[in-house]
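K.L.:
model this:
(chains A, B and C, ligands or ions: 3)
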Amino acid sequence: MADAGSRIMTTPPAATAPLLRRLGETHRAPVAFTIDGQPATALEGDTLLTALLLNAGALRQSEFGDGPRAGFCLMGACQDCWVWTEDGGRLRACGTPVQPSLRIVTREAPWPPLG
Amino acid sequence: MSENRADVLILGGGLMGAATAFFLRQRGLSVILLERRLVGQQASGINFGNVRRQGRFLPQLPLANRSRAIWGRLPELLGEDVEFLPSGHLRVAYTPEAVATMESYRDGARPYGLDLELLSGNAVRARFPWLSPEVMAGSYSPHDGHANPRLAAPAFARAARRAGARIEEEAEVLTIEHESGGYRLNTADGRVWRAPVLQVSAGAWGGRIAARLGEPVPMVVRGPQMGVTEAVPYALLPVLGVTTKEIREVLYLRQVKRGNIVFGGTGHGPAELDAPPHRANPDITLHQFTQLRRMVPALGALRIIRTWSGIEGYMHDEIPVMGPSAKWPGLFYAFGFCGAGFQIGPGVGDVMAELIATGTTTTPIEPFHIGRFT
Amino acid sequence: MAAPRVIVVGAGPAGTRAAELLAAAGLRPTVVDEGRASGGQIYRRQPPGFRRDARTLYGTEAGRATALHATFDGLGPAIEYLPETLAWNIHGGALYVQREERARRLPFDALLIATGATDRMIPLPGWTLPGAFSLGAAQIALKAQACAIGSRVVFLGTGPLLYLVASQYVKAGAQVAAVLDTAPPGARWKGLPLMAARPALLAKGAVLIAQLMRAGVTMRRGVVPRRVLADAAGTRVAGVAIATPDGGEEVIACDAVGMGWHLRAESQLADLAGCAFDFDADSRQWLPRADEDGRASAPGIYLAGDSARILGADGAEIAGRLAALAVLKDLGLPAPPGQDVAALRRQRQVMDRFRRGLALAFPWPAGLVASLPDETLVCRCEAITAGALRQSATELDAPEMNRAKAFSRTGMGRCQGRFCGIAGAEIVAAARGVPVEVAGRLRGQAPVKPLPVAALADDASTLEST
Ligand SMILES: Cc1cc2nc3c(=O)[nH]c(=O)nc-3n(C[C@H](O)[C@H](O)[C@H](O)COP(=O)(O)OP(=O)(O)OC[C@H]3O[C@@H](n4cnc5c(N)ncnc54)[C@H](O)[C@@H]3O)c2cc1C
Ligand SMILES: Cc1cc2nc3c(=O)[nH]c(=O)nc-3n(C[C@H](O)[C@H](O)[C@H](O)COP(=O)(O)OP(=O)(O)OC[C@H]3O[C@@H](n4cnc5c(N)ncnc54)[C@H](O)[C@@H]3O)c2cc1C
Ligand code: FES
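P.N.:
Ligands and ions are numbered 1, 2, ... in the order given. Model (predicted):
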């Protein structure tokens, strides 16, 4: 059983090649947001999960040290797609529309955020 | 039928019964434990998991200290880990009256060997910076902690079985009769059990059984309300609680090493002896949220993933029933732990085994005697 | 007397038809749905700003989809619609809902649960890798986001959705590496007599498979999957390994896999309402007990659509109507004109025969699940292995799933056992050598889905009333 001390820190999820492939509907307006501090772009109407996985290979690290995760059901059932925002907020990526203000972290941020 | 005979019969396989069985075997007595369902499925298996001495009724501290020492030795005693974590226990105060209560409790606890450190609001926040500005003071007990209730009683029962105890699950005791040389119990499956000594450790059901044995006690059953958050990085080390007289303000929480934060408090729900435990009351769940945010504002960003309740017996004087019967030789009680039996469970088992085996105990338990109600 | 308070949870085909009928009877039902728009799973709508037409999105079902959407949108003020609202608990004759930071208690006289289903899953080794998704997810990515889950996709599992989603991917221009069906080749014939109840649907299925064949997609039946393979860095899907008849392994390269073994009913609310459940041997899952109109065993609770029986979209619409009629009848209210209960029941029976046929044609591979290797992560939320679950069933002597959950944490995570519960019961049953129904089912616990601690009760006084 992994505890906090033994969490594996592999490649940050954002550093791997995008997972999803866009097939159409590319006429929509772009939306700028950030992943781990780096600028990224999505389209209006994308969910945060789509936006992240068109820019990165995963959403987060499993908190129990078994590697990266990228969501599973896309319908709000599996809860595999929860990501952190820079200010310590939590978002379920598959059900949240991407917004320009979003600053997402795919690595485990210090918790609780103080100050 | 002779195989259903032992030196001691234990009625009820919660933590009290399981620990008593284990310690009786250590003293060489033969023992049969009869549990209606599965060991540790009731209060003992679903409680909050607080291994806390701070805040207990002072005359209970010697027992709590003895129990605390056993908690520390459990892996070696049982050969299993029940996730006991001596992470410290912190109670906070929101009002000057509560600070005063803390101070007098600290002074009262000191002679019993429980050293509590009182910290001002700023000092406690310097050490635990996630506490809310509303906290006026904290009382810190460095050697208390928490453990996994889902594992504790079954681990005691398995260790007892390995040591030669008979642990009978799905064995509901329907009748208890006195006969020459002791007690004769009938279980729902038609089997008969005999022993010169009987311990009733039937938790919330203990009151009903004691009444049938002619020793009625004033007891109510209620359902404490629990919940747990998603896992987040391990950061809230001590178990947290509140010193208050206001039940709506009572909140306790602990973070397990894997990251989830377990919590309870702010009120009880109903419970029934003849029905499965009620589910947690959602109105209380929502009220707990206000108190969670009040104590640790960062919790407001998290989600809860599960709630539950259970069945616990509360004596009118908030003191458990423990010790020999006032009426029958060879009969012993250990029930009605008033929402605080988890921490003292191992100690209760050890003391009851000592009492049954030697007729006396080195830890004072007179205040808990059932005779106080007659 | 105040008008009876009727709540419908779910605005898919079942919930929409139920709400329509209740509104026609002069009630103003409250409709609670988590989604941003009505439609449910099959008729899920794309977000505003997307331009594909209904034909592209829903294929042969375009007409039904637009009709259902139009019905719902046309209800307007005749219903109280609470979108983006989670129904998270039931207690004391009230439904507890939450939207953002607002929590409300909605007392009801009748509650109609039409919460649909999710994919039924087998936790194959490697199923947590980025690039492994449920079949439903693969379809949602396409329908609602115009994305494919990868560049070269394997579809794995069994059931009609397997072929449907694969063909939707082909049509959308995505590359489908293979369709791997775990159903044995002969199973289809076993299901045929029952499936013949709906010849048109059977024909649609045949057309789908023909289209996939024409597109040159590799299709295999009787597949025994071993695991989802990772790339060298261990960070994403690189293939699917399947057993070969000689005991070896064959690898089908891909960068994504969509997997699912038919559906599992989303039945937690029924559980929280205190409804009795029965083991359904055909689909090998526990379902809430309901009479032919959808009355559950708990008073005032009605069930419709996939959350009670997986009858497909048309069946969901019929079940929604029947349940609404049952609500009206039990409340002593007249049904709106033109409702033929007997005909609806007959249609429902036809769909139920088809359902049982499907279960035979696309069986749940219980043996495969039972023999998953010990290192498999069964519970993806808590990262608990099949080995740990087996140990709780054997060494720790847990006789059924809830005890095994208490010991091993399987099913204790954020998803509440939705994706590991059914497979977990097979593993526990096999480890103890008992039938799967003896291993039981995970009891539902509130909240139905994660609930924000930030939620504020609308009415603080409710606490005092308890
Ligand atoms: C939700 C909740 C939270 C709590 N939190 C804490 C905490 O944080 N810290 C703390 O110290 N304490 C806590 N407690 C209290 C603590 O859990 C109990 O005091 C303790 O577990 C009592 O143990 P027991 O063995 O007496 O009772 P139980 O665990 O209830 O065991 C009694 C057993 O007797 C069996 N039984 C009853 N009748 C019969 C019969 N006729 N035949 C056979 N068997 C029978 C029952 O099935 C049961 O298994 C909490 C309790 C609850 C319910
Ligand atoms: C991912 C997926 C894809 C499918 N695709 C097809 C397909 O292409 N073709 C086909 O024939 N069948 C498909 N099915 C089967 C399909 O489910 C049925 O045909 C039909 O949609 C069932 O209708 P329903 O009304 O019972 O449920 P659904 O359409 O699933 O609607 C249920 C609704 O309830 C809401 N809900 C659930 N729980 C809660 C809650 N706790 N609080 C608030 N709201 C809640 C959901 O948001 C949803 O809108 C699919 C199923 C799934 C799961
Ligand atoms: S991907 Fe399953 S909940 Fe978001």
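
K.L.:
Helix, strand or coil: sort out the nearest residue to B:Gln255 once chain neighbours are set aside for me.
P.N.:
If the residues on either side of it in the chain are set aside, B:Gln255 comes closest to B:Leu236, at 4.2 Å by C-beta to C-beta, 6 or more residues apart in numbering or on different chains. (Glycine included, C-beta is placed from N, CA and C.) Three-state call for B:Leu236 (DSSP: H, G, I helix; E, B strand; the rest coil): coil.

K.L.:
In what element of secondary structure is the residue of the stretch 101-250 of chain C found nearest ligand 1 found?
P.N.:
Residue nearest to ligand 1 within the stretch 101-250 of chain C: C:Ala103 (22.3 Å; C-beta to the nearest ligand atom). Using DSSP states H and E, C:Ala103 sits in strand C:102-107.

K.L.:
Need the contact partners of whatever helix or strand comes next after that strand.
P.N.:
Where DSSP H and E defines the elements, the next helix or strand beyond strand C:102-107 is strand C:110-113. With C-beta atoms under 8 Å, 6 or more residues apart in numbering or on different chains as the test, strand C:110-113 has contacts from C:4-10, C:15, C:18, C:29, C:90, C:95, C:269-270, C:273, C:294, C:296, C:300-304, C:307-308, C:320, C:323-324, C:327, C:330-331.

K.L.:
number of nearby residues for the residue in the stretch 151-300 of chain C that ligand 1 sits nearest to?
P.N.:
Scanning the stretch 151-300 of chain C for the residue nearest ligand 1 gives C:Leu272, at 18.1 Å (criterion: C-beta to the nearest ligand atom). Number of residues near C:Leu272 (other C-beta atoms under 10 Å in any protein chain shown) recorded here: 25.

K.L.:
for the residue of the stretch 251-374 of chain B at minimum distance from chain C, what are its contacts?
P.N.:
Chain C sits closest to B:Arg303 of the stretch 251-374 of chain B, with a gap of 3.6 Å, by C-beta to the nearest C-beta. For B:Arg303, the contacting residues are A:90, B:229-230, C:414, C:450-453, by C-beta under 8 Å, 6+ apart.

K.L.:
What is the nearest of these to C:Gly440?
P.N.:
Using C-beta to C-beta, C:Arg414 comes nearest to C:Gly440 of these, at 21.6 Å.

K.L.:
Quick check: that closest one touching C:Pro450?
P.N.:
Yes. Counting by C-beta atoms under 8 Å, C:Pro450 is a contact partner of C:Arg414 at 5.7 Å.

K.L.:
Please identify every residue contacting each of the two.
P.N.:
A:79, B:230, B:303, B:305.

K.L.:
Out of the residues you listed, the closest to ligand 2 would be?
P.N.:
Closest to ligand 2, out of all of the shared contacts of C:Arg414 and C:Pro450 and judged by C-beta to the nearest ligand atom, is A:Gln79, at 13.1 Å.

K.L.:
what's the spacing between that closest one and C:Val448?
P.N.:
Counting by C-beta to C-beta, to the nearest Å, the gap from A:Gln79 to C:Val448 is 12 Å.

K.L.:
Return the closest of the shared contacts of C:Arg414 and C:Pro450 with respect to ligand 3.
P.N.:
The shortest distance between ligand 3 and any of the shared contacts of C:Arg414 and C:Pro450, using C-beta to the nearest ligand atom, involves A:Gln79 and amounts to 5.0 Å.

K.L.:
For my notes, confirm the closest one occurs in a helix.
P.N.:
No. With three-state DSSP as the criterion, A:Gln79 is coil rather than part of a helix.

K.L.:
could you measure it against B:Glu354, distance?
P.N.:
For A:Gln79 relative to B:Glu354 (C-beta to C-beta), the value is 48 Å.

K.L.:
C:Gly191 is in contact with C:Ala361, correct?
P.N.:
Yes. With contact defined as C-beta under 8 Å, C:Ala361 counts as touching C:Gly191 (2.9 Å).

K.L.:
if we can go back for a sec, restrict the contacts of strand C:110-113 to those near ligand 2?
P.N.:
On the criterion C-beta under 6 Å from any ligand atom, C:9-10, C:15 are the entries of these that sit beside ligand 2.

K.L.:
Residue 114: how many residues sit nearby?
P.N.:
All of this refers to chain A. With other C-beta under 10 Å as criterion, A:Leu114 counts 9.

K.L.:
wait, chain B
P.N.:
Count around B:Leu114 with other C-beta under 10 Å applied: 21.

K.L.:
Touching, it and B:Ser141? I think so.
P.N.:
Yes. B:Leu114 lies in contact with B:Ser141 (C-beta under 8 Å); the separation is 6.9 Å.

K.L.:
Which neighbours do the two have in common?
P.N.:
B:53-54.

K.L.:
Near ligand 2, which residues of the stretch 51-200 of chain C? Just list them.
P.N.:
C:86-87, C:114-118, C:136, C:139, C:161, C:164.

K.L.:
Go again with 8 Å.
P.N.:
Residues of the stretch 51-200 of chain C lying close to ligand 2 by C-beta under 8 Å from any ligand atom are C:61, C:85-88, C:97, C:114-119, C:134-137, C:139-140, C:160-161, C:164-165, C:168.

K.L.:
Can you list which of those residues are found in helices?
P.N.:
C:135-137, C:139-140, C:160-161, C:164-165, C:168 (DSSP state H).

K.L.:
still on that earlier bit, considering only the residues of the stretch 51-200 of chain C next to ligand 2, which also neighbour chain A?
P.N.:
C:118-119, C:134, C:136-137, C:140 (C-beta under 8 Å from any C-beta of the partner chain).

K.L.:
now, which of these lie close to ligand 3?
P.N.:
Among these, the ones lying near ligand 3 by C-beta under 8 Å from any ligand atom are C:Ala137.

K.L.:
Derive a ChimeraX selection command for the buried subset of the ones next to chain A among the residues of the stretch 51-200 of chain C next to ligand 2.
P.N.:
Those of those that count as buried under 16 or more other C-beta atoms under 10 Å in any protein chain shown are selected in ChimeraX with:
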select /C:118,119,134,136,137,140
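
K.L.:
Columns pLDDT on top of the ones next to chain A among the residues of the stretch 51-200 of chain C next to ligand 2, output as JSON lines?
P.N.:
Shown next, in JSON lines, are these (pLDDT from 0 to 100):
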{"residue": "C:Thr118", "pLDDT": "97"}
{"residue": "C:Asp119", "pLDDT": "98"}
{"residue": "C:Ser134", "pLDDT": "98"}
{"residue": "C:Gly136", "pLDDT": "98"}
{"residue": "C:Ala137", "pLDDT": "98"}
{"residue": "C:Ile140", "pLDDT": "98"}
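
K.L.:
Name the nearest of the ones next to chain A among the residues of the stretch 51-200 of chain C next to ligand 2 relative to ligand 3.
P.N.:
Closest approach between these and ligand 3, by C-beta to the nearest ligand atom: C:Ala137, at 6.6 Å.

K.L.:
Would you confirm that the closest one contacts A:Ala70?
P.N.:
No. Here C:Ala137 lies out of contact with A:Ala70, judged by C-beta under 8 Å, at a distance of 10.2 Å.

K.L.:
Confirm that C:Ala23 sits in a helix.
P.N.:
Yes. Under three-state DSSP, C:Ala23 sits within a helix.

K.L.:
confidence score at A:Trp111?
P.N.:
At A:Trp111, the model reports a pLDDT of 88.

K.L.:
In chain A, which residue sits closest to chain B?
P.N.:
A:Pro112 (3.2 Å).

K.L.:
For burial, what's the neighbour tally of that residue?
P.N.:
So A:Pro112, with other C-beta under 10 Å, has 19 neighbours.

K.L.:
What are the boundaries of the helices in the stretch 201-350 of chain B?
P.N.:
With DSSP state H, counting those that start in this stretch as the criterion, the stretch 201-350 of chain B has helices at B:206-212, B:282-295, B:341-358.

K.L.:
Great, nothing more from me.
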